[in-house]
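S.K.: this is the structure alone, sequence omitted:
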DNA sequence: GGTCCGATGTTCCAAATAGGAATAGTACGC
DNA sequence: GCGTACTATTCCTATTTGGAACATCGGACC
């Protein structure tokens, strides 16, 4: 939890800023929802703002107040050289924990002895549909990235994600089949 | 976040208690580390105890103070009928969110433009090793479950997990190959 | 022109979670 | 008899979540 002062979320936001140029907290949250969400928890609105405050005080991002006479004034943030340095340092040094999953479907399957077969099947079916939706979303994102070398790594992650969703869908089918077989 | 008074973690603990019989907070945490951890966040020690307190006050678990003259006295908890009912209700009614992953490896791959190729490869290699370790752990657990119908669902989850780890390992290999190809 | 709606933009608050440190008693090997 | 590891619980702090509340702007619509 402790690595200097900046949390993992803080570093993730620095990472997004390294793509984004100059954005408001609101836009940063939207960017997180379009990217981070697929492999990390997209931080809450409130956390985006409080984290930006922390990063600002640490000199890792720079805020620019928009002219008050323009449209909707907003504070826009961008990465500073110190911020980029900190991000590189973190990427090089921080230890990479094993992924943590909060898998509600697996949790409920685990407690299957307390769930009606109908409900279980419905749940798995619904998950399959959600997976299709996600796959489509990700496919569209992947397409949008093209083969622009600037998005090389994002593309790799998107492809990994698509693979994962496909595999999950298959795994669910296997479970459904196992459940439909009468237990010995 | 709000579903009566009991959090998701609370319900997960109720679920574990439905397997465990009568256990102390410490044992419950250990059980969570051996089971829940593979598909959910294993709650912190402190949270296990505070959650047990909440569940107790709600009448969903029952505490029994061990005789003070015995060995290490411990408060042991077991599920009450009301607790089982609540668990069934929750399983039947609560909505099942799409899984959330905190995937440090994917996060760092996403930010690959700021990571040295060596570090990236080392990280992916290390993840592969961790996956092998986890697969072995899970295989052992799966074996321990045998084909006891009492553990039917646990076995399904364990098999799903093994599948997932295998797939992750393959996906990492694909990424490693893509990275080793010179970019066009 | 006025009015409603949805998107933008930010702050605030309460609760849940995470991650350990601190504290103790007990068992067990040596 | 002593050190070490395991059992057991409590406490503290920081992080994270999930929204409500507030305000402003741009268009759509009548």
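M.R.: That came through fine. These figures come from a predicted structure and were not determined experimentally.
S.K.: ok, residue A:63 - contacts?
M.R.: By Cβ atoms under 8 Å, 6 or more residues apart in numbering or on different chains, the contact set of residue A:63 is A:52, A:56, A:75, A:76, A:77. To be clear about C-beta, it is placed using only N, CA and C from the backbone, and glycine gets the same treatment.
S.K.: what pLDDT does residue A:3 get?
M.R.: Here, the pLDDT recorded for residue A:3 equals 39.
S.K.: whichever strand or helix holds residue A:179 near chain B at all?
M.R.: Following DSSP states H and E, one finds residue A:179 within helix A:152-180. Yes. Residues of helix A:152-180 contacting chain B under Cβ under 8 Å from any Cβ of the partner chain: A:152-154, A:156-157, A:159-161, A:163-164, A:167-168, A:171, A:174-175, A:178-179.
S.K.: what helices and strands are in contact with that helix?
M.R.: Contact here means 3 or more Cβ pairs under 8 Å, 6 or more residues apart in numbering or on different chains; DSSP states H and E; on that basis helix A:152-180 packs against helix A:117-145, helix B:104-110, helix B:152-180.
S.K.: does the residue of chain A found nearest DNA strand C belong to a helix or a strand, and which?
M.R.: Per Cβ to the nearest atom of the strand, residue A:46 is where chain A lies closest to DNA strand C, at 2.8 Å. Assigned by DSSP H and E, residue A:46 belongs to helix A:45-57.
S.K.: hmm, back to that, among the residues of helix A:152-180 next to chain B, the buried ones, what's the PyMOL command?
M.R.: Buried subset of the residues of helix A:152-180 next to chain B, written as a PyMOL selection, criterion 16 or more other Cβ atoms under 10 Å in any protein chain shown:
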select buried, chain A and resi 152+153+154+156+157+159+160+161+163+164+167+168+171+175+179
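S.K.: return only those of the residues of helix A:152-180 next to chain B found close to DNA strand D.
M.R.: Among the residues of helix A:152-180 next to chain B, no residue lies close to DNA strand D (Cβ under 7 Å from any atom of the strand).
S.K.: strand partners (parallel or antiparallel) of the worst-scoring helix or strand of chain A on mean pLDDT?
M.R.: Scoring the helices and strands of chain A by mean pLDDT, DSSP states H and E places strand A:61-65 at the bottom, with a mean of 91. Strand A:61-65 has these partner strands in its sheet, going by DSSP bridges: strand A:75-79 (antiparallel).
S.K.: identify each buried residue in the next helix-or-strand element following the strand it pairs with, please.
M.R.: Sequence-wise, the next helix or strand downstream of strand A:75-79 (DSSP H and E) is helix A:81-93. Neighbour counts over helix A:81-93 (16+ other Cβ under 10 Å) mark A:83, A:86, A:87, A:88, A:90, A:91 as buried.
S.K.: ok, the second one - contacts?
M.R.: Remark: with contacts taken as Cβ under 8 Å, 6+ apart, residue A:86 is in contact with A:4, A:6, A:11, A:14, A:58, A:60.
S.K.: measure it to DNA strand D for me?
M.R.: For residue A:86, the distance to DNA strand D equals 14 Å [Cβ to the nearest atom of the strand, to the nearest Å].
S.K.: ok, residue A:66 - contacts?
M.R.: Here residue A:66 is in contact with A:73, A:74, A:75, A:76 (Cβ under 8 Å, 6+ apart).
S.K.: closest one of those to residue A:24?
M.R.: The closest of the contacts of residue A:66 to residue A:24 turns out to be residue A:74 (Cβ to Cβ; 4.2 Å).
S.K.: related to what we said a few turns ago, among the contacts of residue A:66, which ones are buried?
M.R.: Using 16+ other Cβ under 10 Å, the buried ones in the contacts of residue A:66 are residue A:76.
S.K.: for residue A:18, state which of the contacts of residue A:66 is nearest.
M.R.: Among the contacts of residue A:66, and counting by Cβ to Cβ, the member closest to residue A:18 is residue A:76, at 15.3 Å.
S.K.: show me the beta-bridge partners of the closest one.
M.R.: Those that pair with residue A:76 in a beta bridge, by DSSP bridges, are residue A:24, residue A:64.
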